[in-house]
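Q: Sharing a model prediction with you, sequence too.
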Amino acid sequence: MGGFSSIRKTLRGEVRTSTAALEAVRRMNSALLRRRERAQLEQLNRQPARLTSEFAQMSRAELLKHFRERQSAKFFPGFLDVANTVRLQREMFPEETTPLLSLAARISRTHCWPLLGFGEKCFGQEEINWNRDPLSGYEWPSDYHADINLFRGDGSDARVLWELNRLSHLITLGQAYAFTQDESWTKQFLYQVRGWRSQNPVGRGANWACAMEVALRAMNLLAAFLLFLPSAHIDEDAFAELLMIFDQHGAHIRRNLEYSHIATSNHYMCDVAGLLWLGVMFPELQDAAEWREFGLRELLNETEKQILPDGADSESSTGYHRLKLELLLYSFALCRENGIEIQKTHWHKLREMAGYTRAYLRPDGRAPLIGDSDSGQVLPIVRRAGDDHAYVLCLAAVALQESALKISTAPCEELLWLFGEGGLRIFQSLPVGLPVTSRGFADAGIYLLRNEDLYLLFNASGCGLNGRGSHGHNNALSIEVSGCGATFIVDPGSYVYTADLRERHLFRSTAYHSTVQVDAVEQNTTDEAMPFVIGDEAHPRVLDWQTHADFDYVVAEQNGYRRLHEPVTHRRAVRFEKASRYWLIEDSFSGEGAQEFAFRFHCAPFIDVRVTADGNVELCDKISGARLLIAALTRTSPPVLQEGFVSTNYGAKEPSTIVCWLERGTVPLRKCWALIPLPANEDDSRATKLLASLRAESGSKFPC
């Protein structure tokens, strides 16, 4: 019963006794399987690809010929008709093609390439060291994968090591080979793959410690392998070694699935998608049919479990929403190419996911980074920053033949490689979708109050996964604001995970979000030493949502401060006056006692901030000159400016300013704010008159 009790204690959220019992049994079985795996590591590492009886009888030469000529197991059209893809790439993306070939040259000659937001990193002049931490230089050990301590607190970051070992840069080498037919690219591809395998025997080291990473690596390696398959340097021996690697990856994923009866996340979804891809693309392997059937069944089940009815990711993260949207979009497209039926209900779910993405994109086309974002991509044919989500809509518009998802006449590069010339024709035939309008996502707790160039995102989401989330932040009732061609108030993103636990804690803190903090307490409990654990005390609840032609209105409350000695409930209402082009915010607090309140607005980078003579705050975009005026409509102390940072790509951060009004007050308490966007060429006269009128009305615009 000790294991059963520990499960009930360590897992957040409500857990039924029967579910906890199932989880206890699963963990015991998993321990037995790992004991068996540990004893078989040498055998598993030497084991050649296990083929079905039909293909096991073939010679290596016959098997390689079969793979080169087979018409079954179709990958994406752009990879199949690669000569046409290359032609179109040169015609349509000439400015991108030259840097691609230059990057491939650096990868090959110097073993240097960009890694997430850290810029270009070099990984070894002669031979790449696949187990050296790119940040700290720590050499990750070759111990049994389940024994590896991933959270070290010494500046190392398994997430960054894993990004290196996803091997997505090999796709770039494959593209370079497709463009030039230069066999030196193939030699480098094989050299790096063999070096990787020699340093990473099956089941040993950090690069086997997470089945999700094994799956994503297999997908990237598959794409590169198919680009290099026509090369004369893929001889019988090289082919046999590559086939063995794919079989080993699939078998390892199947043995080490990241499943729990309590909750599943993006990890398990990647696991089963990896099995599906390997099962579809390698039917010659002995376990392929089981991988394909299991992977598809579980992927569809997880789609229903992990994607909310309104299309949002259940992990309260737009970053992981992008990852899952890619994962499902590419997997469904791969199934369609191979005649595997995906029911309409699942395609509809995919459409809802894309619709959610379309709704939350800001007017500048970038995404708000709500919750965690590690900038992860599935099959990164083009490397994208963590806040770049628009390209997925380009692909979804084609896959779903849905004009509402087409936001530009310009196609994305990925379109050519994934959907080929046929996909390009579909894209060109679709009209650009209508501008998005205000919309609420009740399941996600995300509300968009927007019109033309004005955009406010109101966040009433929980911590994710029904209170067990690991990727949520303390952002209840926070906002993002854009207007007049500029982004003014933002969610700060994530920056890093385990490389710097203090920074990890800061970026997900209440004080780093545009909401209200009471008595310097976190909305949900967090612990700096536990970077993927967050409490579930806030429980945001939307009380009203209205959208009309002339105004929008939303009000919600959260209970994160009910655990104070003198409990407080925070309620925030936002009203958007569309014709007059401004927002009103009302923060009210119920309860009793005296507390300290911090009202914060986290500014985007490249925003100049100044406090005006009358105590208002003016945010000015350094590039466009557009401004946002933040004015207190109720009596407050003078605002203070605090230092902060914003991260739009994992590992990168830029300095920013946090505007903060600090108040010592007695509950009940009410404070109101006006947010007035001003184009670069507009003077202050309209704002001055508007503020005088609003102060005279004393908050009567709020129906609450």
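A: Nice, thanks for sending it over.
Q: Dig out what Ile607 forms beta bridges with.
A: Ile607 has these beta-bridge partners by DSSP bridges: Asp621.
Q: Check it and give its pLDDT.
A: Looking at Ile607, its pLDDT is 98.
Q: Then Gly153?
A: Gly153 is assigned 87 on the pLDDT scale.
Q: now Ser72
A: 89.
Q: Burial check on it, number of neighbours?
A: 10 (other CB atoms under 10 Å). Every C-beta, even on glycine, is put in place using the N, C-alpha and C of the backbone.
Q: what's the closest non-adjacent residue to it?
A: Take Ser72 and drop its neighbours on the chain: the residue closest to it by CB to CB, 6 or more residues apart in numbering is Pro283, 6.8 Å away.
Q: That neighbour contacts Ala289, correct?
A: Yes. If you go by CB atoms under 8 Å, Pro283 and Ala289 touch, sitting 7.2 Å apart.
Q: Direction included, what does the longest strand seen in the chain pair up with?
A: Scanning the chain for the longest strand, with DSSP state E as the assignment, gives strand 652-678. In the sheet, strand 652-678 lines up against strand 582-602 (antiparallel), strand 627-632 (antiparallel), strand 640-649 (antiparallel) (DSSP bridges).
Q: What lies in contact with the shortest one?
A: Contacts of strand 627-632 with the rest of the structure, by CB atoms under 8 Å, 6 or more residues apart in numbering, involve 481, 483-484, 486, 488-489, 601, 615-621, 659, 661, 671-678, 680, 684, 687, 691.
Q: now stretch 291-303
A: Contacts to stretch 291-303, defined as CB under 8 Å, 6+ apart, come from residues 250, 254, 264, 268-269, 272-280, 283, 285, 328, 331, 335, 340, 342-343, 346, 349.
Q: Please repeat the previous calculation with a cut-off of 6 Å.
A: Residues from elsewhere that reach stretch 291-303, judged by CB atoms under 6 Å, 6 or more residues apart in numbering: 250, 269, 272-273, 275-276, 278-280, 346, 349.
Q: that older thread, please tell me how far the residue nearest to Ser72 sits from Glu293.
A: Pro283 is 12 Å from Glu293, where distance means CB to CB, to the nearest Å.
Q: Of those two, give the one with the bigger neighbour count.
A: Pro283 (17 against 14).
Q: Where does the prediction get shaky in the stretch 1-150 of the chain?
A: 1-13 (pLDDT under 70).
Q: For the helix or strand following the longest strand of the chain, list every residue counted as buried.
A: For strand 652-678, the succeeding helix or strand toward the C-terminus, using DSSP states H and E, is helix 685-697. Within helix 685-697, the residues that count as buried by 16 or more other CB atoms under 10 Å are 687, 690-691, 694.
Q: sorry, back to before: ok, of the contacts of stretch 291-303, which one's closest to Ala215?
A: Closest approach to Ala215 among the contacts of stretch 291-303 (CB to CB): Ala273, at 6.5 Å.
Q: Does the closest one touch Leu329 like I think?
A: No. Using CB atoms under 6 Å, Ala273 makes no contact with Leu329, being 10.9 Å away.
Q: higher neighbour count, those two?
A: Neighbours were counted for Ala273 and for Leu329 using other CB under 10 Å; Ala273 has more, 28 against 21.
Q: Which secondary structure element is home to that one?
A: Secondary structure (DSSP H and E) places Ala273 in helix 266-281.
Q: Can you check which residues contact both of Ala273 and Leu329?
A: Residues touching both Ala273 and Leu329 (CB under 6 Å, 6+ apart): there are none.
Q: what residues does whichever strand or helix holds Leu395 touch?
A: Under the criterion of DSSP H and E, Leu395 resides in helix 390-400. By CB under 6 Å, 6+ apart, the surrounding residues in contact with helix 390-400 are 325-326, 329, 333, 351, 354, 358, 365, 405-407, 412, 414-415, 419, 423, 426-427, 430.
Q: Report the buried residues of that helix.
A: 390-400.
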